[in-house]
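structure, please.
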Amino acid sequence: MIARYTLPDMGRLWGDETRLSVMLQVELLVLEAQAKQGLIPRRAVTQIRKRVRLNLARIQQREEATRHDVIAFIEHLEERVGRYGRYLHFGLTSSDVLDTSLAVLLRRSTELLIEDLTRLIAALAKQAKRHKKTVMIGRTHGIHAEPTTFGLKLAVFYDEFKRHLNRLGAVQREVSVGKISGAVGTFANVDPSVEREVCRKLGLKAAPISTQIIQRDLHASYLTTLALIGASLEKLATEIRNLQRTEIHEVEEPFGRGQKGSSAMPHKKNPITCERVAGLARLLRGYSVAAMENVALWHERDITHSSVERVILPDGSIILDYMLQTMTWVISGLIVRKDRMRENLMRTQGVVFSGQVLLRLMEQGLSRTQAYEMVQRLALQASQDGRDFRQVLLADPAIRRRLPEQVLRACMDPKRHLRHVDRIFQRVGLG
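The predicted structure is shown next:
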């Protein structure tokens, strides 16, 4: 991933230095497990640990000749440890090291993403509570519907991202799987106890069964989870973008001192951060498709998945890390225009309370069809004429006979719609 969207911790995690250090850790743990079995001398393990050092440039130089990253890695280690190098990689195949070390990276990556998501959830909770009673108009199909609150709007996202937190925890457990089972997964040249010991020390589960590789449905699950979180981030970003439209102007994403919105129009304050998040969600969706394409490989393995994973696993993790932290910044600094929300709520002069009037007429004995047609006719008339809906209702004899003015006034009180807000907040854990 380009530096523009790479944050330090996640970037370091997926860097070559970390990848190679984890591969080395796997090799050393295999040596220790084999030494316990008496397959190699304990002195060899001690000396290898003492002498081994990683030189990234030297490994890359060797890979240019070998055209095989693991062989270049092992040859470099042999070069550093001398005669003890013959014990390295004994009985293993490349994927034993690659897939097991990848599982470690995925587990650590998920830990960072869980921290990111937890902070976003906390930011959503704080703003939702702050605006629990901030009344605004709810919109369906982009059209004014009935009153809601900005806090309820944010509480929906809070609940959604809590589900994602559970998904991340589940997928972390799912991908934390290693394998040290040899060329086609039969343990022909390495004992299963080595696999158990290495995986235990790395905080992984041993794969119940493997071929030369860990099966790629696990990695597809990881990336589809990331893509699903990205879809919800796009949903949140799109909501803010829409609410920032000039015609609505109910919220604004933070706009820093010295920030510029347009090279040509000095007045512009564009929702560029949310647009960036929405754009990056497209990449994540593409990566999830590529991950699913990686599931079907030839027989016990081929390497069509390898080149794809070198891009999609680091980049997908880095992108979501960036999106989560960026969206947390947006939510924490969100500018909420309560006055504009109130103004927009009343823009239609009361027709958004037509549903309440409908129910009161039905309580007076009218059928739903009779009441609906009556209210719809008057609501459309009020909208067309730009008149106050309550006054239009009171001018109609059939309405006035059934619903006194005080009843209509109560119908058009937004608080009537919002009397269960506290209960909803309690149900989602925001009480």
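
from here on, just use CA atoms for contacts and neighbour counts.
Noted.

so what does the one helix or strand Arg360 maps to touch, helix or strand wise?
Using DSSP states H and E, Arg360 sits within helix 354-363. If you count contacts as 3 or more C-alpha pairs under 8 Å, 6 or more residues apart in numbering; DSSP states H and E, helix 354-363 packs onto helix 368-385, helix 405-411.

alpha carbons of that helix, in PDB - could you do that?
This file holds the C-alpha atoms of helix 354-363, laid out as PDB (Å, rounded to 0.1, in the frame of the first residue of the first chain):
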ATOM      1  CA  SER A 354     -49.400  12.800   8.600                       C
ATOM      2  CA  GLY A 355     -49.000   9.300  10.000                       C
ATOM      3  CA  GLN A 356     -50.000  10.500  13.400                       C
ATOM      4  CA  VAL A 357     -53.100  12.100  12.100                       C
ATOM      5  CA  LEU A 358     -53.900   8.900  10.200                       C
ATOM      6  CA  LEU A 359     -53.800   6.900  13.400                       C
ATOM      7  CA  ARG A 360     -55.900   9.300  15.300                       C
ATOM      8  CA  LEU A 361     -58.600   9.200  12.600                       C
ATOM      9  CA  MET A 362     -58.600   5.400  12.700                       C
ATOM     10  CA  GLU A 363     -59.100   5.600  16.500                       C
END
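
and it, how far out from the chain's middle?
42 Å (C-alpha atoms, centre = their mean, to the nearest Å).

now the angle from that helix to helix 368-385?
Put simply, helix 354-363 runs at 140 degrees to helix 368-385, going by axes from the mean of the first three to the mean of the last three C-alpha atoms, to 10 degrees.

who touches helix 354-363?
Residues outside helix 354-363 that contact it (C-alpha atoms under 8 Å, 6 or more residues apart in numbering): 368, 371-372, 375-376, 379, 402-403, 408, 411-412.

tabulate the helices and strands packed on helix 354-363 (TSV), appending mean pLDDT and mean neighbour count.
Shown next, in TSV, are these (pLDDT from 0 to 100; neighbours: other C-alpha atoms under 10 Å):
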stretch	mean pLDDT	mean neighbour count
helix 368-385	93	15
helix 405-411	89	15
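
remind me which residues of the stretch 1-150 of the chain are low pLDDT?
Scanning the stretch 1-150 of the chain for pLDDT under 70 picks out no residues.

please identify the helix or strand for Arg282.
Using DSSP H and E, Arg282 falls in helix 272-293.

can you show me the strands along the protein?
135-140, 143-149, 177-178, 205-206, 251-252, 335-336 (DSSP state E).

mind listing the helices for the stretch 201-350 of the chain?
Using DSSP state H, counting those that start in this stretch, the helices found in the stretch 201-350 of the chain span residues 217-243, 272-293, 304-332, 338-345.

of all those helices, which one comes closest to Val81?
Taking C-alpha to C-alpha, helix 304-332 is the member of the helices of the stretch 201-350 of the chain nearest to Val81, at 28.7 Å.

which other helices and strands does the closest one contact?
For helix 304-332, the packing partners by 3+ C-alpha pairs under 8 Å, 6+ apart come out as helix 8-13, helix 94-130, helix 217-243, helix 272-293.

what's the pLDDT at the residue nearest the centre of the chain?
In the chain, the centroid-proximal residue (C-alpha atoms, centre = their mean) is Ile229; its distance is 2.7 Å. According to the prediction, Ile229 has pLDDT 98.

surely it touches Arg163?
No. Counting by C-alpha atoms under 8 Å, Ile229 stays clear of Arg163, with 9.5 Å between them.
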